[in-house]
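> how does the following fold in three dimensions:
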Amino acid sequence: DGDSVETARMVKALQTRGMAFLDGISMPVSLQQETFDACLDFFTLPEETKLRYASAHQSVYPANCRGFVPVAGETLHPSEGPCMKEVFDLGVKSQQSRDSLPFIGPTVLPDDTTAPGFANKLHALQRIVLQQVVPAVASCLDAEFPTQSKENSVSQLLRDATLIQRVIHYPPFSASFAGCHTDNGLFTVLFFTGKPPQILVDGEWRHIYSVPGVPVLFAGDLLEHWTNGEIVSAQHRVRLTGNTADSRLSLPFFVYPNIESSVRNLRTDEARCTKDFMLQNFEGIWEKGTGAGLSTAYRSQNK
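As a prediction, the model looks like this:
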């Protein structure tokens, strides 16, 4: 039927390129545009205002998973240096801190007096992604990769999912970029305006051109582990030329399993603890400077 064809098409795209277009899922274009507008308004605020919402003013561990990060604040690929972009990270609105678990808990956000619509529009888009997009993607993956253990199905792993929702601003009149990396979770749902990101396909960097309003799906490192490499996480980056007056905005939703779960390889049964896997990735970005996601060396050693 139509659903099975759509499922097979999405999974085939993930297996071929590590990404797919979610054109089979209805998304309100007006809300996307309103969210982009509110985000751009936030990033045009004075730096001292934005810094009031930086990691130093957040309560979730690790601190860098919440709040504002200024330009050149993180490094995704060590040989490329700090990324020329500014970001704001938030988590699931309804999740409260518990048992000192990392990545779980509230985000300190500006109110409507400071940044009209910023928090409300981001949370509205978050609800749609968590309630409609994530379950649909999980069902597709479970249909194509059945598992004997219900606890190891994607749908079950994503019960009370862990989320890093990010807003990324690439300033105009600058050679803004995000370094080459893979995403660390199960998958990423991406909305963007402006110049498209690039994905590495057969050793060649290619732009991702999508229909306006249609989100892009990136496979992540944990999905690569779960499928035993049948789906490989997508290496991607952003490159701007610096000759445009337009800002670029990107709204990725990094979707992870429940923070207390472990993801088992469907073939080998090797388990990866979600919490430890996420912490190792953050350590690579913020402490060791080794970058984000899986390295080429790691891939060659684990084929």
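> show me the helices in the stretch 1-150 of the chain, by range?
Under the criterion DSSP state H, counting those that start in this stretch, the stretch 1-150 of the chain contains helices at 2-17, 29-43, 47-50, 118-128, 134-144.
> please identify the helix or strand for residue 180.
Element membership of residue 180 [criterion: DSSP states H and E] is strand 177-181.
> and the closest residue in space to residue 51 that isn't next to it in sequence, what is it in contact with?
Distance criterion C-beta to C-beta, 6 or more residues apart in numbering; nearest residue to residue 51, sequence neighbours excluded, is residue 68 at 6.5 Å. Bear in mind the C-beta positions are built from the backbone N, C-alpha and C, glycine included. Contacts here follow C-beta atoms under 8 Å, 6 or more residues apart in numbering; on that basis residue 68 touches 50, 51, 53, 54, 55, 86, 87, 88.
> out of these, which one has the weakest pLDDT?
Least confident by pLDDT among the contacts of residue 68: that is residue 55, with 93.
> ok, the nearest residue to residue 45 once chain neighbours are set aside to residue 259 distance?
Spatial nearest neighbour of residue 45, chain neighbours left out: residue 115 (6.7 Å); criterion: C-beta to C-beta, 6+ apart. Residue 115 is 28 Å from residue 259, where distance means C-beta to C-beta, to the nearest Å.
> quick one: residue 191 from residue 5, how far?
25 Å.
> same check on residue 112?
44 Å.
> so where's the stretch 1-150 of the chain uncertain?
The model of the stretch 1-150 of the chain has pLDDT under 70 over residues 1-2.
> and what of the stretch 201-303 of the chain?
In the predicted model, the stretch 201-303 of the chain carries pLDDT under 70 at residues 242-245, 294-303.
> run the last query once more with 50
Low-confidence segments of the stretch 201-303 of the chain (pLDDT under 50): 295-303.
> now do the most centrally placed residue in the chain against residue 42, distance only.
In the chain, the centroid-proximal residue (C-alpha atoms, centre = their mean) is residue 254; its distance is 2.8 Å. Going from residue 254 to residue 42 by C-beta to C-beta gives 20 Å.
> one step back: give me the contacts around the strand holding residue 180.
Here strand 177-181 makes contact (C-beta under 8 Å, 6+ apart) with 75-77, 80-81, 83-85, 168, 170, 197, 200, 235-240, 291-293.
> now a PyMOL select for only the buried ones of the residues you listed.
The PyMOL command for the buried members of these (criterion: 16 or more other C-beta atoms under 10 Å) is given here:
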select buried, resi 75+76+77+80+83+84+85+168+170+197+200+235+236+237+238+239+240+291+292+293
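> tell me, how many neighbours does the nearest residue to residue 95 once chain neighbours are set aside end up with?
Excluding its sequence neighbours, the residue lying closest to residue 95 (C-beta to C-beta, 6+ apart) is residue 104, at 5.4 Å. For residue 104, the count of nearby residues is 23 (other C-beta atoms under 10 Å).
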